[in-house]
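**Student:** Provide a 3D model corresponding to the input given below.
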Amino acid sequence: MKKFTHAWLAFMAIKRLEETKLSNRDRRYANSLIKWFKSHKDGVAQGAWYPDSVIKDMANSHVLKFTPSAEVGNKFKRLPTTYLNYKYGKSSPVKKKGFTVDKNDNLPDRCESIAHSVIDHLKMQESEDKGSPVSPTDNQIALLLFMLSHYMADAHMPFHCDSRRFSEGVDIHGRMEGEWDDRIRRHYRIDEDNERFFYDPYGYPLRDLASDQQYQSSFLKTVDGVLRDRKFIMSWGAKNKNVWDFMSAICQHSYLLSYCLIPQQYDHTNITLVNWQSLGSISFEDLSVAIFADAIDSIARVWLRIWRRYVKWERKKRAKI
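**Tutor:** Numbering: from 1, shown residues only. Below you'll find the predicted structure:
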């Protein structure tokens, strides 16, 4: 995904938490996170792009590549049943087949490690005296959160989880991500000089009303409706215990979704700019809705659970004083 796609998804994750129904306890955690995020929102576009612009670990840490195999024993993890990826994955042509995973790829590990780093930095900041030279700053912690959203969003991109080489040939991978970024740039006002969105009165990306008619029929509008009607649940999915399990499940289902779009008999050698959107059982628009809606929910879920874990620790620490 490209720069403003990553930034937009991060903003929409916070908006999701602000608008969805939560328990009274989780609402308090969410409101604390929302307030904290909005104090650091100017750094979202730069921070969420840091893994591509500075870290540049795209070859292994942004992907988890799967290949269909005759091997048995590998099983697909569960996702929250509200996910569109879960719905489409059930009918994927490779759903009941075995698979292998590229041993050099580590996207779930990257997400797990950054999630722990966010909590660790928050704890260190809380434990150090004000002005301590070793205390992490809010900006450093925000950068980690925004970077985490990048890796999580990449896990929802089907071609990041499919060993077929769709960045070659006519580069369907790049064209798809370019189309998403073009849509966001078309429908939202961007302050290019400062690498950020202009904001609406609520602190979210400001829509460009000049393109409102086109927006109403866009997949971005559909994503908004899907999330408004979808129940937000805190579960990682049945039997998943942590961020690593959850992101592994996301990657597995992104692999399934890739084969819904591009059937097995196709790869970079026979995909064309004419046929690539009409080969499989899902359209590009439906695919985009599934990826974006689920990615927003995933970022919101992981961020909230990280924040909740830290706040619970903080309250216990204060209770002992």
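**Student:** in which helix or strand would I find Phe292?
**Tutor:** Element membership for Phe292, per DSSP states H and E: helix 284-320.
**Student:** may I have the helix or strand where Ser248 lies as PDB, with CA atoms only?
**Tutor:** Following DSSP H and E, one finds Ser248 within helix 243-261. In PDB, the C-alpha atoms belonging to helix 243-261 read as follows (Å, rounded to 0.1, in the frame of the first residue of the first chain):
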ATOM      1  CA  VAL A 243      -1.100 -10.400  18.000                       C
ATOM      2  CA  TRP A 244       1.100 -13.000  16.400                       C
ATOM      3  CA  ASP A 245      -1.800 -15.500  16.100                       C
ATOM      4  CA  PHE A 246      -4.200 -12.800  14.800                       C
ATOM      5  CA  MET A 247      -1.800 -11.500  12.200                       C
ATOM      6  CA  SER A 248      -1.000 -15.000  11.100                       C
ATOM      7  CA  ALA A 249      -4.700 -15.600  10.600                       C
ATOM      8  CA  ILE A 250      -5.000 -12.400   8.600                       C
ATOM      9  CA  CYS A 251      -2.100 -13.400   6.300                       C
ATOM     10  CA  GLN A 252      -3.600 -16.800   5.700                       C
ATOM     11  CA  HIS A 253      -7.000 -15.300   4.700                       C
ATOM     12  CA  SER A 254      -5.300 -12.700   2.600                       C
ATOM     13  CA  TYR A 255      -3.700 -15.600   0.700                       C
ATOM     14  CA  LEU A 256      -7.200 -17.200   0.300                       C
ATOM     15  CA  LEU A 257      -8.500 -13.900  -0.900                       C
ATOM     16  CA  SER A 258      -5.800 -13.600  -3.500                       C
ATOM     17  CA  TYR A 259      -6.900 -16.800  -5.200                       C
ATOM     18  CA  CYS A 260     -10.500 -15.500  -5.100                       C
ATOM     19  CA  LEU A 261      -9.400 -12.600  -7.300                       C
END
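**Student:** now do it, average pLDDT.
**Tutor:** Averaged across helix 243-261, the pLDDT comes to 96.
**Student:** so which elements touch that helix?
**Tutor:** Packing partners of helix 243-261 (3 or more CB pairs under 8 Å, 6 or more residues apart in numbering; DSSP states H and E): strand 66-69, helix 84-89, helix 107-127, helix 138-155, helix 284-320. C-beta: built from backbone N, CA, C; applies to glycine.
**Student:** outside of the third one, which residues touch it?
**Tutor:** In other words, helix 107-127. 57, 61-64, 134-138, 140-141, 144-145, 147-148, 151-152, 154-155, 160, 242-245, 247-248, 251, 302, 306, 309-310, 313-314, 317 (CB atoms under 8 Å, 6 or more residues apart in numbering).
**Student:** roughly how far is that helix from the heart of the chain?
**Tutor:** 17 Å (CA atoms, centre = their mean, to the nearest Å).
**Student:** please shift the residue numbers so they start at 24 in all later answers.
**Tutor:** Renumbered: residue one is now 24, and that last one reads helix 130-150.
**Student:** pLDDT wise, what is the spatially most central residue of the chain at?
**Tutor:** Nearest to the mean C-alpha position of the chain, by CA atoms, centre = their mean, lies Ala176 at 2.5 Å. pLDDT, the model's per-residue confidence, is 98 for Ala176.
**Student:** correct me if wrong: it contacts Met24.
**Tutor:** Yes. Using CB atoms under 8 Å, Ala176 is in contact with Met24, at 5.5 Å.
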